[in-house]
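Novice: Need a 3D model of the sequence below.
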Amino acid sequence: MRLHHSLLSALCAVHVAAIGQKSTVNFNSTGMLLASSGSAVQIFAEQDDWPAVLRVCDDVAMDFGRVTGLNGTVSLLQNGTAPSLNSSMIFNVTGKTSYQMGGGSYGSKGGVIVAGTIGNSTIIEGLVKAGKIDVSAIEGTWEAYVSAMVADPMPGVSQAMVIAGSDRRGTVYGLYSVSEQIGVSPWYYWADSPLQKHNSIYAANTTVVQASPSVKYRGFFINDEAPALTGYIMARFPPSPWGPGFNADFYKTVFELLLRLRANYLWPAQWNSMFNVDDPRSQALADEYGVVMGSSHTEPMARATKEWNVFGEGPWQWNTNNASIYPFFVEGAERAKPYETVLTMGMRGSGDTALGAGIETSLLENVVAAQTQILDNIWGNVSVQNPDIVPQMWCLYKEVQGYYQAGMRVPDYITLLWTDDNFGNIRRLPLANETGRIGGAGVYYHFDYVGDPRDYKWINTVQLQKTWTEMHLAYERDAKQIWVVNVGDLKPLELPISHFFDLAYDITLWDKDSVPYWLQMWAAREFGPAVASDTAMLMNNYSIAAGRRKFELVDPTTYSLINYDEADRVLAQWQTMQASAQSIMSSLPAESQSAFFEMVYHPVTAAYVYYDIMISVAKNNLYAEQGRNSANALAQHAQAQFAHDHELTTQYNGLLNGKWAHMMDQTHIGYQYWQQPMRQALPGLQYVQTLERDLAGDMGVTIQGSNATVPGDDMYHTLSSNVLTFSPFDPYGVSSQWIDFFSMGTKPVSWNITSNATFVHFSQTSGQLSTNGTTDVRIYATVDWENCPPGSGMVLINITASEAQPTMYDQQTLYGTQYSMPQLMLPYNHTALPANFTNGFVESDGHITIEVEHWSAISSPASSSNVSYNVIPGLSRTLSGVTLFPVTAPSQSTSDGPALTYNLYTFSPNTTTGHVEITLVTTTALNTIPERPLQYAVQLDDQPPKTVQYIIDQPAGANPIGWNQAVANSAWTSTSNFTYSGPGAHGLKVWALEPGMVMNTIWVDLGGVRSSYLGPPESWRVA
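Specialist: Below is the predicted model of the structure:
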């Protein structure tokens, strides 16, 4: 069952802070009082239960104290013998000497929670035998639990909330669910989330059966951890003998975070650390906490990359040095045997590179065979072939996928870990004949990356709608044994990490429309219900805007300054978001502001400042080219924002007395190629000489859609011409176009604008320009269509300049020594739609832009009844994505598949080529079924449909042709040509022929589409 959006909103409304959790507590006096400001919750567990469970009992007791002001008590039920399970490493690292908490200032006794794991808790077994709790639905399953109110569970206790886990993590998740519900965020330490205080907490009289998670192993990879995380470690923890101090004191907070997020799996930091060597306590601590350890795709047999660099002998080349590498593998497996570990199989080259120059399947097969022999020798053949005993995975990352394509196979008990392309697009998923493997399949995904076409490791650029789409596809295609995501430095990716793990824990709760509702629950949990709605809206907008293009790929040339008001519109969106972030933060109490700064205010404000820098540099360069005095003011503004970027970094690093010092050290301005810049560097600025007059006088004029300036000469218009021409006006296009007046001289100037048509209006008809570069004026020309004559025509616009007390020279050189008064030409087409045209799009400016979700109709043959088009809001650079559901549907065709139809009306009598170009913009989703590449068909009028396969895969695990450009632009674009039959009504049809492709926007170009990043805004749409 999907969690209905009304229920999600209701959960926020009643202040239940746990995301996607079935409620077992409340604050409205319903049920048994668990705790209050004067009474402490009592938690009971068996001393022989797992250390992971006993440690979390302590956490929950302290969580109650964080919320009510009074810690709970923890009592361990004993059978007269010493505990049977070892907690020594937890005690060593945490400084605890016992799990029992009690005595001192604990107030009166509150309600009771009894927690235990089936098979490790005699009290749970007794309750089961007595019929007081039913665990039949979870017994023998993975990480499940039951929570129920039980009468007389133990002597002296009349009623208790009983949490019974199917295994140790099942019990842990049941306990941590209570913590989250009462108001302790999983991010209370790692993001300083405020504690949501309550005077009284009640246990509801309800039973909750939480089934096994959707995905078995759910974890993240701490990767690319320099300079930010490494700097943080160096400032906070003493070094190991081999490098930075990635020690158990650091990892204990990571383990706790994972478990509170209902995750269970970790690939530890790799580049300058050795998990098992830097601090020998770390592996044992992970196991006592209940965290499954792994190692990255490039670190086989539980050995860190750096271990070979420090301790290995000879080159990391199996074909020449297997005599040294073999015992290295043996040591890793033997070291991992006592602990819960997923072993990485296979081998890549040194330093996250390819194993060899080509695809040498026999070489890699030899490696896996040797590794299997090692595991057989250590565990025994039967255990090795059971993924529940010795889980193993082969990660098909980058070129390794090429080995699979070339026919290499591994035993069915080894999990195939498919991967994305490092930019969030899954490259391959199980085929129908691969879903029966007992090791199953999984996905290695990225929220952070170092490599082509550009690193992205500064702040969050994850589009949550895309995460849902890709992981939903993975789940439906049976890749659900392992989900692991590369999170770089961990901070500042708190938001997408939470979303990823909530999907992995129970993906059935979250559908295609769920992101805004999930965000509302997330915001309520982190900052309180009062700001949840506004924060959710803000971060949904942020997710979409940041997903348009990675920040590191945005430069002064990305967005158009002159076409479609693109740069100004985009910057205005960021400015609006920043104002919202400021407003929300100002409304929060002081104790909530640090967390809000880290997770919302900083990324939103830093993004706005970054965009402002890039667009201001672009304007500065253009304005200097146009001779504007204001170019210098823009240069100063860009420099000020460059300084502001540094101030934001300093503020983040200094937050809470430097708790997160160096976490925001990542350079992000000044990229020259894929790798991070070594130092922040502002893009090039230009200055004009304001002490000298422009050769064309003191005033310049330019218009929307043009870089040219009049009077004067430049490369953008005919030399010695003083005329600029607007794009044609018509009733179905933009309502106005702008005109800029600017100073480019040494004397103040007054200007005046007039036209020879009474139906053309200006937002301002006169004004003054000073020489200080701050008085540029933008006015808007509009057409009064009610009074405009029918047909087409041209309006002449005259612009005059004057100066106070001019000299004779001034009078003669108002427009320079060789130029004359600037003029503008405004063409208009007073077109009219026929009354019978409805439910469609209308041409203007030589094009039609369509958001795919705004279809006129869907043509669905009877044979397509099991397939439908669905809209995924926000999965786009502009509005939404449209895709076929279910994602497991078969291939479609133009004869039996559903088609989206669009009614069009054009006015252009012809095109320069005689053709019309139809471009479809899609998301960057890839071909996950090699034999079924993503494709669509498109048809104009009655011309034959054209089938377009827009992603062309390459061999040897390489990315598709054109991939670099597509992921940089966050879109694939593909164009088809059709014969243009002339003005009038037309019909456009589009078929998605494969599920998995997501369509965003259509551009119908009759010769008028101009250069921009996002393309023309959507055209006039008639109901």
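Novice: Tell me which stretches of the stretch 851-1000 of the chain form helices.
Specialist: Secondary structure of the stretch 851-1000 of the chain by DSSP state H, counting those that start in this stretch: the helices cover 963-969.
Novice: Please report phi then psi for the residue nearest to S147 when sequence neighbours are not counted.
Specialist: Nearest residue to S147 in three dimensions, chain neighbours excluded: V208, at 4.5 Å (Cβ to Cβ, 6 or more residues apart in numbering). (C-beta placed from N, C-alpha, C; glycine too.) Backbone torsions of V208, given as degrees, to the nearest 10, read phi -120, psi 130.
Novice: ok, V208 touching I138?
Specialist: No. V208 is beyond contact range of I138, at 10.9 Å (criterion: Cβ atoms under 8 Å).
Novice: what residues are shared contacts of the two?
Specialist: V146 (Cβ atoms under 8 Å, 6 or more residues apart in numbering).
Novice: Name the helix or strand for T419, please.
Specialist: Following DSSP states H and E, one finds T419 within strand 414-419.
Novice: partners of that strand, with directions?
Specialist: Using DSSP bridges, the strands paired with strand 414-419 are strand 392-395 (parallel), strand 441-446 (parallel).
Novice: one step back: neighbour count winner among V208 and I138?
Specialist: I138 (22 against 16; other Cβ atoms under 10 Å).
Novice: Pull out the buried positions in stretch 721-735.
Specialist: N722, L724, T725, F726, S727, P728, F729, D730, P731, Y732, G733, V734 (16 or more other Cβ atoms under 10 Å).
Novice: before we move on, what about stretch 31-46?
Specialist: 31-32, 34-36, 39-46.
Novice: Where does the closest residue to L719 other than its chain neighbours sit, in terms of helix or strand?
Specialist: Excluding its sequence neighbours, the residue lying closest to L719 (Cβ to Cβ, 6+ apart) is D713, at 5.0 Å. For D713, there is no enclosing helix or strand under DSSP H and E.
Novice: Contact partners for D713?
Specialist: D713 neighbours (Cβ under 8 Å, 6+ apart): A696, L719, S720.
Novice: among these, which ones are buried?
Specialist: Of these, these count as buried by 16+ other Cβ under 10 Å: A696.
Novice: Dump the contacts of D713 to TSV, plus secondary structure, pLDDT and distance to N829.
Specialist: Shown next, in TSV, are these (DSSP: H, G, I helix; E, B strand; the rest coil; pLDDT from 0 to 100; distance: Cβ to Cβ, whole Å):
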residue	secondary structure	pLDDT	distance to N829
A696	coil	96	32
L719	coil	87	29
S720	coil	84	29
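Novice: closest to R260 among the contacts of D713?
Specialist: Nearest to R260 among the contacts of D713: A696, at 66.0 Å, using Cβ to Cβ.
Novice: Tell me who's in contact with the closest one.
Specialist: Shown in contact with A696 (Cβ under 8 Å, 6+ apart): G627, T709, V710, P711, G712, D713, M744, Y815, G816, Y819.
Novice: What number of residues are in the vicinity of the nearest residue to the first one once chain neighbours are set aside?
Specialist: By the measure of Cβ to Cβ, 6+ apart, the closest residue to G627 outside its immediate chain neighbours is M744, 4.0 Å from it. The local packing of M744 (other Cβ under 10 Å) involves 28 other residues.
Novice: before we move on, the earlier item: contacts for the strand holding T419?
Specialist: 297, 342, 345, 387, 391-398, 401, 404, 410, 426-430, 434, 437, 439-445, 474, 479, 481-482, 484.
Novice: Taking the buried residues of stretch 31-46 together, which two end up most distant?
Specialist: Maximum pairwise distance among the buried residues of stretch 31-46 (Cβ to Cβ): 26.9 Å, between S36 and E46.
Novice: if we can go back for a sec, give me every residue that touches the residue nearest to G627.
Specialist: Contact partners of M744, counting by Cβ under 8 Å, 6+ apart, are Q626, G627, R628, N629, V688, R693, D694, A696, G697, D698, M699, G700.
Novice: Among those residues, which lie within strands?
Specialist: M699, G700 (DSSP state E).
Novice: Next, format the contacts of M744 as a markdown table and append distance to Q949.
Specialist: A markdown table is the format used below for the contacts of M744 (distance: Cβ to Cβ, whole Å):
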| residue | distance to Q949 |
| --- | --- |
| Q626 | 44 |
| G627 | 49 |
| R628 | 47 |
| N629 | 53 |
| V688 | 50 |
| R693 | 58 |
| D694 | 53 |
| A696 | 52 |
| G697 | 56 |
| D698 | 57 |
| M699 | 54 |
| G700 | 49 |
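Novice: If we ignore the residues flanking it in sequence, what's nearest M471?
Specialist: In space, M471 is closest to L503, 5.1 Å off (Cβ to Cβ, 6+ apart).
Novice: Assign a three-state SS to that neighbour, would you?
Specialist: helix (DSSP: H, G, I helix; E, B strand; the rest coil).
Novice: how near is it to T415?
Specialist: Separation of L503 from T415 (Cβ to Cβ, to the nearest Å): 19 Å.
Novice: Same question for P391.
Specialist: 7 Å.
Novice: who has more neighbours, the two?
Specialist: T415 (26 against 23).
Novice: Could you give the bridge partners of the more buried one?
Specialist: Beta-bridge partners recorded for T415 (DSSP bridges): M393.
Novice: Could you shift the numbering so residue one becomes 43, and keep it that way?
Specialist: With 43 as the first residue, the last one maps to T457.
Novice: before we move on, the earlier item: list residues touching both of P433 and T457?
Specialist: In contact with both P433 and T457: V384, G481, using Cβ under 8 Å, 6+ apart.
Novice: can you give me the strands for the stretch 243-392 of the chain?
Specialist: With strands called from DSSP state E, counting those that start in this stretch, the stretch 243-392 of the chain shows them at 250-252, 259-264, 307-309, 334-335, 385-387.
Novice: Reformat these as TSV; add mean pLDDT and distance to P1025.
Specialist: Shown next, in TSV, are the strands of the stretch 243-392 of the chain (pLDDT from 0 to 100; distance: least, Cβ to Cβ, whole Å):
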stretch	mean pLDDT	distance to P1025
strand 250-252	97	62
strand 259-264	98	56
strand 307-309	98	60
strand 334-335	98	66
strand 385-387	98	63
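Novice: of all the ones you listed, which lies closest to T511?
Specialist: strand 259-264 (18.3 Å).
Novice: Against which helices or strands is the closest one packed?
Specialist: Taking 3 or more Cβ pairs under 8 Å, 6 or more residues apart in numbering; DSSP states H and E as contact, the helices and strands that strand 259-264 lies on are helix 290-302, strand 307-309, strand 524-530, helix 536-547.
Novice: Parallel or antiparallel, which strands does the shortest one pair with?
Specialist: Spelled out, that is strand 307-309. Its sheet considered, strand 307-309 pairs with strand 259-264 (parallel), strand 334-335 (parallel) by DSSP bridges.
Novice: Next, the contact list for T943, please.
Specialist: T943 neighbours (Cβ under 8 Å, 6+ apart): W897, S898, A899, I900, S901, G1029, L1030, K1031.
Novice: just checking, what's the longest strand in this protein?
Specialist: strand 833-844.
Novice: N162: which of the helices and strands packed on strand 259-264 is closest?
Specialist: helix 290-302 (17.2 Å).
Novice: by contact count, what packs against the closest one?
Specialist: Judged by 3+ Cβ pairs under 8 Å, 6+ apart, helix 290-302 is in contact with helix 93-110, helix 130-136, helix 210-224, strand 259-264, strand 307-309, helix 323-331.
Novice: what's the angle from that helix to helix 93-110?
Specialist: Counting by axes from the mean of the first three to the mean of the last three Cα atoms, to 10 degrees, helix 290-302 lies at 80 degrees to helix 93-110.
Novice: Can you list the buried residues in helix 290-302?
Specialist: Under the neighbour-count rule (16+ other Cβ under 10 Å), helix 290-302 has A290, D291, F292, Y293, K294, V296, F297, E298, L299, L300, L301, R302 buried.
Novice: between these, which is nearest A649?
Specialist: Using Cβ to Cβ, the buried residues of helix 290-302 come closest to A649 at L299, 24.9 Å.
Novice: Tell me the spacing between the nearest residue to the closest one once chain neighbours are set aside and N1011.
Specialist: Once flanking residues are discounted, L299 sits nearest to W232: 5.3 Å by Cβ to Cβ, 6+ apart. Using Cβ to Cβ, one obtains 33 Å as the distance from W232 to N1011.
Novice: Perfect, that will be all.
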